[in-house]
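*Asks:* sequence unknown, structure follows:
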């Protein structure tokens, strides 16, 4: 039977893999519980600067600047990926079930690249945050921002986002499993460990 810690690891691995697959800068990830969350995956979106000045929010979403639409779509896709990985992959993932060199190598990578002091401080500060949004709340807020007066179209957009997230998570299931195993073993992965594990898994998959 899948326990809560296992589900949290799959959830955060889903976020981390999807962010990495979309080209975002992956940060540390943890399944150590905080005050407002059971796990946390950090990743950074490219900054938007001049694009906001050209945004006319009265225009339909498809006419918004492409960079802003890409930013919002990516944020929503990564947010949706956690629940999808947790729900869809739990029945077919058993921790350490493969025992293949790649999984063992990933655990070694995580052990030799522990979280930095700065990453530990960032997580400690995040644990004090009582106002963090859940994934569901973040998606609801994005829908309201993009389609404030058209919830039906917002729901269709959310269905599209969910389908995109599901496709990414399913295609990268091996990556998600490898990250999950490492999280279950170590609890927290540094940004260096998470990125190296993903890159190692990618190299193995392509051979």
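*Replies:* On my side now, so go ahead. Here the structure is a predicted model, which means the values were calculated and not measured.
*Asks:* what distance do you get for the residue in the chain sticking out farthest from the centre to residue 77?
*Replies:* Largest separation from the mean C-alpha position in the chain: residue 58, at 30.3 Å (CA atoms, centre = their mean). Remark: distance between residue 58 and residue 77 (CB to CB, to the nearest Å) = 25 Å. Placement of C-beta: from N, CA and C, glycine included.
*Asks:* the residue farthest from the centre of the chain: which element?
*Replies:* Using DSSP states H and E, residue 58 sits within no helix or strand.
*Asks:* confidence score at it?
*Replies:* Looking at residue 58, its pLDDT reads 89.
*Asks:* quick check on it: phi, psi?
*Replies:* Here is the backbone geometry of residue 58 (degrees, to the nearest 10): phi -80, psi -20.
*Asks:* so it versus residue 150, what's the distance?
*Replies:* Taking CB to CB, one finds residue 58 at 12 Å from residue 150.
*Asks:* and residue 42, by the same measure?
*Replies:* 32 Å.
*Asks:* which of the two has more neighbours?
*Replies:* Neighbours were counted for residue 42 and for residue 150 using other CB atoms under 10 Å; residue 42 has more, 20 against 14.
*Asks:* now find how far off-centre stretch 165-180 is within its chain.
*Replies:* 10 Å (CA atoms, centre = their mean, to the nearest Å).
*Asks:* three-state assignment of residue 80?
*Replies:* Under DSSP: H, G, I helix; E, B strand; the rest coil, residue 80 falls in the helix class.
*Asks:* who are the neighbours in contact with it?
*Replies:* 135, 139, 161, 162, 164, 165 (CB atoms under 8 Å, 6 or more residues apart in numbering).
*Asks:* and those, which two are the farthest apart?
*Replies:* Pairwise distances across the contacts of residue 80 peak at 14.9 Å for 135 and 164 (criterion: CB to CB).
*Asks:* pLDDT at residue 203, what is it?
*Replies:* Taking residue 203 on its own, its pLDDT is 62.
*Asks:* which strand residues bridge residue 26?
*Replies:* residue 43 (DSSP bridges).
*Asks:* report the separation between it and residue 15.
*Replies:* Residue 26 is 10 Å from residue 15, by CB to CB.
*Asks:* overlap in contacts of these two?
*Replies:* Common neighbours of residue 26 and residue 15, counting by CB under 8 Å, 6+ apart, are residue 43.
*Asks:* those two - which one has more neighbours?
*Replies:* residue 15 (29 against 23).
*Asks:* hmm, the more buried one is touching residue 84, no?
*Replies:* No. Counting by CB atoms under 8 Å, residue 15 does not reach residue 84; the two are 10.0 Å apart.
*Asks:* please, where are all the helices along the protein?
*Replies:* Taking DSSP state H, the helices of the chain run over residues 4-21, 66-89, 101-112, 117-127, 135-146, 151-171, 173-186, 191-206.
*Asks:* and the third one, what does it pack onto?
*Replies:* Packing contacts for helix 101-112, counted by 3 or more CB pairs under 8 Å, 6 or more residues apart in numbering; DSSP states H and E, involve helix 173-186, helix 191-206.
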